[in-house]
Each structure stands twice: as C-alpha cells, then as structure tokens.
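[1] Build the 3D model from these lines:
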Amino acid sequence: MTSIVRRKALAATLALFAIAGGGASASAQEAYPSKPIRVVVPYTPGGVSDAVTRLVMQKLADRLKATVVVDNQGGANGQIGSAAVARAAPDGYTLLVVVAAHAINPSLYPKMSYSPLQDLRGVSEFGAIPLLMVSSAQLPPTDLKGFVAWAKANPQRATFASSGAGSGAHLVAEQFAQTAGVPMTHVPYKGIAPALPDLFAGQVSVIFDSVQTMMPHIKAGKLRGLAMTSAKRWPAAPDVPTMAEAGYPGMTGGSWIGLLAPAKTPNEIVHKLSAELQQVLQLPEIRDKLIDYGIDPVGGTPEQFDAFIRSEATRWAEVVKKADIRLE
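    Model (predicted):
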C-alpha cells in the first residue's frame, strides 16, 4: 500500500471515529436523564416549598420518564442546601428549589460560602406567592388606611411579627413600613405558629404571610385581612383589597418559588428541563393545586427567571439598606 493510500485510509478511519464520537455525544444529550435526579429543597420537610416541590417534581418525573428524588437540607435561611447544589457537578442531576430568600440573602449575609447570583442559574419559576397582610382583631383598625393612621398615632404599639429575621415576610413588612412612612418594630419568631397567639391577643399588630395560612384565622374572627400584595384580588380572599387598591401600588409582589441548577449546567439540559416544566405548569390539576397553596403559577424561560432574580436582589438590597438589617 502506497503512502498516499495509507493517508487516505487513515483519514477515512479518523472521519468514521469522529462521526461515531459526535453521534455518541449527541445521543448522551438526547438520553438525559439516564439516572435519578436529585432536587434539593433547602428547608425542612412539611412547609409549602416542600409540598409544592413534591407536587411539581412528580409530574416532571412522569414527563422525563425518570426518577426524581426530593432531598430536604434545611438551615441558615436556605444557605446550607443551596451551597451544596452550587458545588455539585453541573450535569443536570442535582437541582435546587428556592424562594425569595435566595435573592435576599446576598444583602443580609456579608460572608457566604457561595454566590447565589453567580454559582447558580435559573431553570424556571414555578409561581409567585403574594402575601396577605393581617392585623389582630383586638386592635381598632378595620382596614389598611385605618391601620396606618392608628400606627402613626401609636408608634409604641405598632409592631409586626415574622417567621424570623431576614425572612420574606420580614422584608415585605419593612418595605411596607418604608413605603407608608409607618414606624413599626420587628418582632421575630421561630416560625409562624409561635407568633399566632401573640397576634391573636394583639400583643403584636400585624404580620405578612400566605393566604393559605391566614384565611382560616380571618374566617374565625381572630384576624382581619388588610391587603394583598397580589396584582389582583385573590380568589380565596375576594373581600381583601390589593395593596394597589388600598393606595400602595409599589407593594405588589411578595415571595416566589422556582428551580435552579449549578451555573455551568449545559444549556441543552437547562432548556429541556424548563420546557418540560412549562408543560407541567399548564396542567389544570397542577395550576388548581398551586392556587390552593396560595401560589400564582408563572413558568417562563431560564433567561426570564435569571433576570427576575437579579431584579429581586436589587429590590431587596434597597430595603435591607434602608432598614439597616444585618445578620451574621
């Protein structure tokens, strides 16, 4: 065999290897997922974020024809589980569910072991979680306008509870105090349940929390619904005005929930997950259940979710700075 023939044969062989190799790579991408996917919830089991994750992931698993395991890793306002995912292999097999605290934490904690905005990327938002502002039925005000007037006249009694310093409810209440010009003192609790007896008794004035949690107490006559941070009135609380209707249009918003991946996860995998999630979030039974949980289904692309998270980080940084909130 001449050298020219050898070269041609070698070139043909290399071309075949290249084609085979390229085909294997493409097949590997098309085969995703080929093993179980772990979805970390950086909070303890039993909360709304945990329940919503399990609901959505069950349907996602059906669509992907894969096993999806939900792994609760609570602690440090979501930082422990989030840090674990930020350090995980960016292969689409370790994902993270976050709420508004994800965008708030960088402003609250000067030293974090990971960067929420740089080490993680958006896959899709599940939904927006508007908050319901309620006051104790033991207090005189019956609407938001009356509460603002009462709070200004009684600054020593104007207090708000939260499920903990740095929580979404804490920051929304601080934003309201700044927006309305109302001097209110923060009273943090270790969760919502411990705060309720003091709220019922009027020892704390107001709290911001989910419709699902607060509506039973409103119906029982223990609390009064003052306003919702949703863009329109909520189906489960039709008699409660929105913040915009009550005179505070800048108070639209609240918390939210969505799915992230390690920052270097390939675009093909991220967009595949996002596309499947859009289909899940369009299912009537999923939408109805999310609304029952007090969540407005949203969806959206990875790029839209990333842009939203950045805007939320900017928004809450301003609130934290004005309120001079510092956590270690």
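
[2] How about the contacts made by L117?
    Shown in contact with L117 (C-beta atoms under 8 Å, 6 or more residues apart in numbering): P106, I309, R310, A313. C-beta here means a position set from N, CA and C on the backbone, and glycine is covered the same way.

[3] Tell me what the residue positioned nearest the centre of the chain is bridged to.
    Nearest to the geometric centre of the chain sits V99, at 2.0 Å (C-alpha atoms, centre = their mean). Applying DSSP bridges to V99 yields these beta-bridge partners: I257.

[4] Pretty sure it sits against L259.
    No: in this structure, V99 is not within contact of L259 by C-beta atoms under 8 Å, at 11.4 Å.

[5] who touches both of the two?
    Counting by C-beta under 8 Å, 6+ apart, nothing touches both V99 and L259.

[6] what stretches of this protein score poorly on pLDDT?
    1-30, 328 (pLDDT under 70).

[7] in this protein, which spans are helices?
    3-31, 48-64, 79-86, 101-108, 144-153, 168-180, 196-201, 211-219, 267-281, 284-292, 302-323 (DSSP state H).

[8] Give me the distance from the shortest one to the chain's centre.
    Looking back up the chat, that one is helix 196-201. Between the centre of helix 196-201 and the centre of its chain there are 27 Å (C-alpha atoms, centre = their mean, to the nearest Å).

[9] again, but for the second one
    In this view, helix 48-64 has its centroid 14 Å away from the chain centroid, taken as C-alpha atoms, centre = their mean.

[10] Ok, the last one next?
    Taking C-alpha atoms, centre = their mean, one finds helix 302-323 lying 12 Å from the centre of the chain it belongs to.

[11] Return the set of buried residues in it.
    Within helix 302-323, the residues scored as buried using 16 or more other C-beta atoms under 10 Å are P302, F305, D306, F308, I309, E312, A313, R315, W316, V319, V320, A323.

[12] same for that helix, what does it pack against?
    Helix 302-323 is packed against helix 101-108, strand 120-130, helix 168-180, strand 254-262, helix 267-281, with contacts defined by 3 or more C-beta pairs under 8 Å, 6 or more residues apart in numbering; DSSP states H and E.

[13] mind checking which of those is nearest P141?
    Set against P141 and scored by C-beta to C-beta, the helices and strands packed on helix 302-323 come closest in helix 168-180, at 12.7 Å.

[14] Residues contacting that closest one, please?
    99-101, 104, 131, 133, 148, 160, 162-164, 182-184, 186, 188, 206-209, 229, 248, 250-251, 253-255, 316, 319-320, 322-323, 325.

[15] please redo it, this time with the cut-off set to 7 Å
    Contact with helix 168-180 is made by 99-101, 104, 131, 148, 160, 162-164, 184, 186, 188, 207-209, 229, 248, 250-251, 254-255, 316, 319, 322-323, as judged by C-beta atoms under 7 Å, 6 or more residues apart in numbering.

[16] Is there a quick ChimeraX command that grabs whichever of those are buried?
    Buried members of these, defined by 16+ other C-beta under 10 Å, are picked up in ChimeraX with:
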select :99,100,101,104,131,148,160,162,163,164,184,186,207,208,209,229,248,251,254,255,316,319,323
